[in-house]
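Asker: Provided below are the primary sequence and the corresponding predicted coordinates.
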Amino acid sequence: MDNFMRMTKSLGHKPELLRLRALDATYDDALQGKLVIAPVDLNEPGKKILDSGTADGKHFPVVLLFPWLRLTEEKGTWLRGVRSKQSVQHDYYGSDVEGELFPEDTEGIEYFAHSFKDPWPQKYLGIFDLVHIRGSLAGSAPEGPAPVIKNLTTLLKSGGWVQLMEMNGFSAPKNGPAMTDFAKNGI
């Protein structure tokens, strides 16, 4: 377990869950509710879908720091969001390095503890139509994201997709002090 996970665990995981729920709300808003961008036909039943770094299965009272993000207690993260929008049956799996984050009531989702840095259990290799990961690759240090992404591809069946959604860090623009301050400080 890395230092970040030790810190968030010592705080009851609340900072990490809030970060993930805010990230979920940000993506939901930016993508206008479209959670799956990969060209996977979810109208065809029986797809196997994995969310790596799924985390937020538990609810906790949310302090609305950013009202425009529309965080509510009912708001889950990606996997539960995708499941709630489907009219046909699929198999849903969620993995995370920290199993304490999984809900007691799994609501038909199979959760298992696993670090995306480690080789995946044999029973999951080559079975998924869609593997999703977002907001997690910073945890791939010091090796970096390439081995993690390669490892995720071992989970895909022929024709399957990895949907990778990470924020893009960017340098401050060179077009004046106001934009530079905004980019650096979010003012």
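Answerer: Structure's in. What do you need?
Asker: so how far is residue 43 from the residue nearest in space to the middle of the chain?
Answerer: Among the residues of the chain, the one closest to the centroid is residue 134, at 4.1 Å (CA atoms, centre = their mean). For residue 134, the distance to residue 43 equals 23 Å [CB to CB, to the nearest Å]. Where C-beta positions appear, they are placed from N, C-alpha and C, glycine not excepted.
Asker: what does residue 167 give?
Answerer: Distance from residue 167 to residue 43, by CB to CB: 30 Å.
Asker: quick one, which of these two is more surrounded?
Answerer: Between residue 167 and residue 43, counted using other CB atoms under 10 Å, the more crowded position is residue 167 (12 against 9).
Asker: Can you find the helix or strand in the chain with the smallest mean pLDDT?
Answerer: helix 177-185 (a mean of 63; mean pLDDT, DSSP states H and E).
Asker: Tell me the gap between the strand of greatest length in the chain and the middle of its chain.
Answerer: The longest strand of the chain (DSSP state E) is strand 156-165. Put simply, strand 156-165 sits 15 Å off its chain's centre (CA atoms, centre = their mean, to the nearest Å).
Asker: residues of it that come out buried?
Answerer: 156, 160, 161, 162, 163, 164, 165 (16 or more other CB atoms under 10 Å).
Asker: Which parts of the chain are strands?
Answerer: Under DSSP E, the chain gives strands at 48-52, 91-96, 109-113, 128-134, 156-165.
Asker: tell me the mean pLDDT for the longest strand of the chain?
Answerer: Mean per-residue pLDDT for strand 156-165: 95.
Asker: ok, residues contacting it?
Answerer: 27, 36-40, 48, 126-135, 137, 149, 152-153 (CB atoms under 8 Å, 6 or more residues apart in numbering).
Asker: now those residues: which count as buried?
Answerer: Buried members of the contacts of strand 156-165, scored by 16+ other CB under 10 Å, are 27, 36, 40, 48, 128-135, 137, 149, 152.
Asker: related to what we said a few turns ago, to residue 7, which of the strands of the chain lies closest?
Answerer: Nearest to residue 7 among the strands of the chain is strand 91-96 (16.1 Å), distances taken as CB to CB.
Asker: Now for residue 21, how many residues are close by?
Answerer: 22.
Asker: got it, and residue 41?
Answerer: Residue 41: 8 neighbours (other CB under 10 Å).
Asker: go on, the one 5 residues further on?
Answerer: Residue neighbour count, defined by other CB under 10 Å, stands at 9 for residue 46.
Asker: Assess the claim that it and residue 89 are in contact.
Answerer: Yes: at 6.9 Å, residue 46 and residue 89 qualify as touching, with contact defined as CB atoms under 8 Å.
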